[in-house]
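Student: only the shape, not the letters, is given here:
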């Protein structure tokens, strides 16, 4: 009986630890998504966000499209993709877009040791600082894969770093038969505002780039016709027009 009691206590402890380590951050993330959705709807805003860049082809193409529509976007840069593409990052800044961080190596923070994920966050910030030539210590952060653990969550909370998710996925990382750019645009329109997620890293198939560009053009056109304002992440969080 004593050994059975010890086993039950051990299982309870493991379940509790697992809930704290993964469950609490998951619930926190769901709440943040609901908050983003509420803010976007309240301000009738569309926030275009791009992950995993900069890319050598798609990022400059997106900058041209955004300039054509006089719209600003938010780029969640992946630290390891910055090297050799510093000029593209400078172009993003020069065009008035917002720079945020997506970590350094796109780790899954549920599958690596906590201090390794912490180091990835810091290294991602440092990569941005280096290319911009500044000493800023932190940037708004989007967890790779949308996953974060309690250690990183607590660290970011202590540093008062905004953790940014999304409300509607453009779908460019889905299989081709699952993609539907027009359906995505209708979702944004029906919602009356959204924080969209797309990716601007280099891919071997040019069709991915074409899908992203056409989808973003469609969203921008719809936003203009529906009188939805285009904001960056920080502008949305501050409720600025």
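Tutor: The structure has been received and is ready for your questions. Fair warning: this is a prediction, and the values are worked out from it, not measured in the lab. Numbers count the residues shown, from 1 in each chain.
Student: for the nearest residue to residue 49 once chain neighbours are set aside, list the residues it contacts.
Tutor: Nearest non-adjacent residue to residue 49, counting by C-beta to C-beta, 6 or more residues apart in numbering: residue 74, 4.7 Å away. Where you see a C-beta, it was placed from the backbone N, CA and C, and this is true even at glycine. Going by C-beta atoms under 8 Å, 6 or more residues apart in numbering, residue 74 touches 47-50, 97-100, 164, 232-234.
Student: dump those residues to TSV, plus secondary structure.
Tutor: Output for the contacts of residue 74, formatted as TSV (DSSP: H, G, I helix; E, B strand; the rest coil):
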residue	secondary structure
47	strand
48	strand
49	strand
50	strand
97	coil
98	strand
99	strand
100	strand
164	coil
232	coil
233	helix
234	helix
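Student: how about the strands in this structure?
Tutor: With DSSP state E, the ranges of strands along the chain come out as 45-51, 74-77, 98-101, 168-169, 194-199, 229-230.
Student: need those strands in TSV (columns: mean pLDDT).
Tutor: Formatted as TSV, those follow (pLDDT from 0 to 100):
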stretch	mean pLDDT
strand 45-51	98
strand 74-77	98
strand 98-101	98
strand 168-169	97
strand 194-199	98
strand 229-230	96
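Student: can you lay out the ones you listed as a markdown table showing distance to residue 22?
Tutor: Formatted as a markdown table, those follow (distance: least, C-beta to C-beta, whole Å):
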| stretch | distance to residue 22 |
| --- | --- |
| strand 45-51 | 21 |
| strand 74-77 | 22 |
| strand 98-101 | 22 |
| strand 168-169 | 22 |
| strand 194-199 | 22 |
| strand 229-230 | 35 |
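Student: next, the residue nearest the centre of the chain: phi, psi?
Tutor: In the chain, the residue lying closest to the centroid (C-alpha atoms, centre = their mean) is residue 142, at 4.3 Å. The phi/psi pair for residue 142 (degrees, to the nearest 10) reads phi -120, psi 120.
Student: disregarding residues adjacent in the polypeptide, which is nearest to it?
Tutor: residue 76 (4.6 Å).
Student: hmm, that neighbour is touching residue 146, no?
Tutor: No: between residue 76 and residue 146 there is no contact under C-beta atoms under 8 Å: 11.5 Å.
Student: okay, those two: which has more neighbours?
Tutor: Set side by side, residue 76 and residue 146 show more neighbours around residue 76, with 28 against 16, by other C-beta atoms under 10 Å.
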